[in-house]
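Undergrad: give me a 3D structure for the following:
(2 chains)
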Number of protein chains: 2
Amino acid sequence: MRFKDKFDNIVKKNNSLLCIGLDPEMEKLPRCLTELKNCVFDFNKNIIDLTHDLVCAYKPNIAFYEAMGLTGLEQLKKTIDYLHEKYPEIPIILDAKRGDIGHTSAAYARYVFDYLKADAVTLHPYLGKDALQPFLDRKDKGCIILCRTSNPGAGEFQDLKFRNVPLYEIIARKVAANWNKNKNCLLVVGATYPQELAKVRRIAGDMTFLVPGIGAQGGDIKKTVIAGMNSKKAGMIINSSRAIIFAENPREETRKLRDQINNFRK
Amino acid sequence: MRFKDKFDNIVKKNNSLLCIGLDPEMEKLPRCLTELKNCVFDFNKNIIDLTHDLVCAYKPNIAFYEAMGLTGLEQLKKTIDYLHEKYPEIPIILDAKRGDIGHTSAAYARYVFDYLKADAVTLHPYLGKDALQPFLDRKDKGCIILCRTSNPGAGEFQDLKFRNVPLYEIIARKVAANWNKNKNCLLVVGATYPQELAKVRRIAGDMTFLVPGIGAQGGDIKKTVIAGMNSKKAGMIINSSRAIIFAENPREETRKLRDQINNFRK
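TA: Next up is the predicted model:
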């Protein structure tokens, strides 16, 4: 099934635009202090089992698994396998921010889509379209291009103006007009910049955005939803990681956040 | 030892600016068709043992190991361990093109520097300096920032002009003036664009560049060396991957290429 269809289906089924970032930092997992093997998978499984009917996607960031070495990557693979087996209707976004020349991107695409079996991946636009072509050619997969990121210094290059148009808008225009022949492109736009989010929405039509930055990073939910919704009052994958997975009651936190988001969609 | 010192020492010792890209694509390794385990390491070990006195660095691109899954990554780790043990004087550049918000970049830095034990890593500049700070803070490691890449479409964003200055030059200026407090920054500038290489040299003083794009990608050696050398007739890590590692006689190919490069340094 194409990523877009899988995503549209789950948004309806779970009535949710909320994505949970499965970013299990080792030092925050008490049981991991003595025994890494399986504890990351167990932690993820618990979160997934508690929240699978409330989310529109899961998004593991591969950096937190890589930081634990090969054992961590085994836990990532096990987590994705578990999701495919138990909850095949839920899209899996691998936040890996890859991007290299075409020959090398083809190898990355094999890793991300064929080996790890993610449904979508985040990508750096800096090398241009030809470099990302091996990803864009995968019609059934989601290619989520960095546009306006959520970090404090995002504007350093992304706001530079070319003939009065900032770089992040140029990227949004190119992706919408040129890169999206297979209708498999999405954009990353941070919740910490609602004005920029609204601008990208005007450029990108109904394209779906991955929106990090609420929760620990401080993005405002109301502003985010109002600025980012598409004409169908959807089109966003709003991610929360730390604020949910390390909460005392992850299910309650997830339900609350999903409902808050839905309140502003009305 | 700091990356810069390690690099300066080996350039003198081996009289070389040539770096070998250890990019063992599975389908090109005949013995791997039946048995992946160790065959990638054996392939790399053979190349390393044949060339260690002729190079200034080795540069595995992690994508080709990731494409083989965890077994591939084990082979990468084994290759790096072997280099540290047998040839500790040779710098190891991990071509991984990472870059995420600061919190996540810290996890990537742990993977690349502490787990895989690379001496330097390639990085995407798109998120700005604050995002890469956890890398920049590692005084002993090399941070190699993408500036002008070697792919055909590199100019799509990198050539966009802001107040008449193209983006790749703005990045070179920022890195040289602002990001390099620990004297641990390098830039990636492709051999396929000698004019741009010469411009970046004028901006970046004696900073060392990683220069991909000769060999299979078609960059001209003479133009590259003349455009890219610093005031000490060095300051470049000129990479060749496929043209050396899949050659009939990798040592002969390496020696020839090293000498060709040195000819134009005189």
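
Undergrad: now do A:I10 against chain B, distance only.
TA: In this structure, A:I10 lies at 25 Å from chain B, with Cβ to the nearest Cβ, to the nearest Å as the measure. In short, each C-beta sits where N, CA and C put it, glycine included.

Undergrad: typo on my end, A:D23
TA: A:D23 sits 8 Å away from chain B, taking Cβ to the nearest Cβ as the criterion.

Undergrad: quick one: secondary structure of that residue?
TA: Assigned with DSSP: H, G, I helix; E, B strand; the rest coil, A:D23 falls in the coil class.

Undergrad: hmm, A:L132 is touching A:I144, no?
TA: No: taking contacts as Cβ atoms under 8 Å, A:L132 lies outside contact range of A:I144: 10.9 Å.

Undergrad: overlap of the contact sets of those two?
TA: Both A:L132 and A:I144 are contacted by A:L123, under the criterion Cβ atoms under 8 Å, 6 or more residues apart in numbering or on different chains.

Undergrad: wait, doesn't A:D23 sit right on A:I62?
TA: No: if you go by Cβ under 8 Å, A:D23 and A:I62 don't touch, sitting 9.6 Å apart.

Undergrad: of these two, which one has the most company?
TA: Here A:D23 and A:I62 are compared on neighbour count by other Cβ atoms under 10 Å in any protein chain shown; more neighbours surround A:I62, at 29 against 23.

Undergrad: contacts only, for the residue nearest to the more buried one when sequence neighbours are not counted.
TA: The shortest distance from A:I62 to any residue that is not its chain neighbour, by Cβ to Cβ, 6 or more residues apart in numbering or on different chains, is 4.6 Å, and that residue is A:A96. For A:A96, the contacting residues are A:61-62, A:108, A:112, A:121-122, by Cβ under 8 Å, 6+ apart.

Undergrad: and A:A96, which helix or strand is it part of?
TA: strand A:93-98 (DSSP states H and E).

Undergrad: show the average pLDDT along the very next helix or strand once past that strand.
TA: Per DSSP H and E, strand A:93-98 leads on to helix A:102-109 as the next helix or strand towards the C-terminus. Here the mean pLDDT over helix A:102-109 is 97, rounded to a whole number.

Undergrad: can you list the buried residues in stretch A:75-94?
TA: For stretch A:75-94, the neighbour count (16 or more other Cβ atoms under 10 Å in any protein chain shown) marks A:75-80, A:83, A:87, A:90-94 as buried.

Undergrad: okay, and which of those residues map to strands?
TA: The subset of these located in strands under the criterion DSSP state E comprises A:93-94.

Undergrad: now distance to B:V211 and pLDDT too, for the buried residues of stretch A:75-94, in a markdown table please.
TA: As requested, the buried residues of stretch A:75-94 are exported to a markdown table (distance: Cβ to Cβ, whole Å; pLDDT from 0 to 100):
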| residue | distance to B:V211 | pLDDT |
| --- | --- | --- |
| A:Q75 | 38 | 95 |
| A:L76 | 34 | 97 |
| A:K77 | 35 | 98 |
| A:K78 | 40 | 97 |
| A:T79 | 39 | 98 |
| A:I80 | 37 | 98 |
| A:L83 | 42 | 98 |
| A:Y87 | 47 | 98 |
| A:I90 | 44 | 98 |
| A:P91 | 40 | 98 |
| A:I92 | 37 | 98 |
| A:I93 | 34 | 98 |
| A:L94 | 31 | 98 |
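
Undergrad: mean confidence (pLDDT) on stretch A:18-30, please.
TA: Confidence over stretch A:18-30, taken as the mean pLDDT, stands at 87.

Undergrad: same question for that stretch: list its buried residues.
TA: Neighbour-count burial for stretch A:18-30 [16+ other Cβ under 10 Å]: A:18-26, A:29.

Undergrad: among those residues, which two are most distant?
TA: A:L18 and A:M26 (24.8 Å; Cβ to Cβ).

Undergrad: about what we covered before: got any residues that touch both of A:D23 and A:I62?
TA: Taking Cβ under 8 Å, 6+ apart as the criterion, A:D23 and A:I62 do not both touch any residue.

Undergrad: got phi/psi on the closest residue to A:L94 other than its chain neighbours?
TA: On the basis of Cβ to Cβ, 6+ apart, the spatially nearest residue to A:L94 that is not a chain neighbour turns out to be A:A118, at 3.6 Å. Per-residue torsions, A:A118: phi -70, psi 160 (degrees, to the nearest 10).

Undergrad: ok, A:A118 touching A:I80?
TA: Yes: using Cβ under 8 Å, A:A118 is in contact with A:I80, at 6.7 Å.

Undergrad: what residues do those two have in common as contacts?
TA: The contact lists of A:A118 and A:I80 share A:92, A:94, where a contact means Cβ under 8 Å, 6+ apart.

Undergrad: residue contacts, A:I171?
TA: By Cβ under 8 Å, 6+ apart, the contact set of A:I171 is A:125, A:145-147, A:187, B:157.

Undergrad: equivalent analysis for A:C147, please.
TA: With contacts taken as Cβ under 8 Å, 6+ apart, A:C147 has the following neighbours: A:125, A:158, A:168, A:171-172, A:175, A:187-189, A:200.

Undergrad: ok, A:F246 next?
TA: Here A:F246 is in contact with A:K28 (Cβ under 8 Å, 6+ apart).

Undergrad: and it, backbone torsions?
TA: Note on A:F246: its backbone torsions stand at phi -100, psi 10 [degrees, to the nearest 10].

Undergrad: redo the buried residues of stretch A:75-94 as TSV? Include distance to B:S241.
TA: Conversion of those to TSV gives the following (distance: Cβ to Cβ, whole Å):
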residue	distance to B:S241
A:Q75	31
A:L76	28
A:K77	27
A:K78	33
A:T79	33
A:I80	30
A:L83	35
A:Y87	41
A:I90	39
A:P91	35
A:I92	32
A:I93	31
A:L94	26
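
Undergrad: quick check: the farthest pair among the buried residues of stretch A:75-94?
TA: It's A:Q75 and A:P91 that sit farthest apart of those, by Cβ to Cβ, at 19.9 Å.

Undergrad: send the alpha carbons of the strand holding A:A96 over as PDB?
TA: What follows is strand A:93-98, C-alpha atoms only, in PDB (Å, rounded to 0.1, in the frame of the first residue of the first chain):
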ATOM      1  CA  ILE A  93       8.500   6.900   9.800                       C
ATOM      2  CA  LEU A  94      12.200   6.400  10.200                       C
ATOM      3  CA  ASP A  95      13.700   9.800  11.200                       C
ATOM      4  CA  ALA A  96      17.100   9.300   9.800                       C
ATOM      5  CA  LYS A  97      17.800  12.600   7.900                       C
ATOM      6  CA  ARG A  98      19.800  10.900   5.200                       C
END
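
Undergrad: how far does it sit from its chain's centre?
TA: Between the centre of strand A:93-98 and the centre of its chain there are 8 Å (Cα atoms, centre = their mean, to the nearest Å).

Undergrad: same deal with stretch A:92-105?
TA: When C-alpha coordinates are averaged (Cα atoms, centre = their mean), stretch A:92-105 and its chain have centres 13 Å apart.
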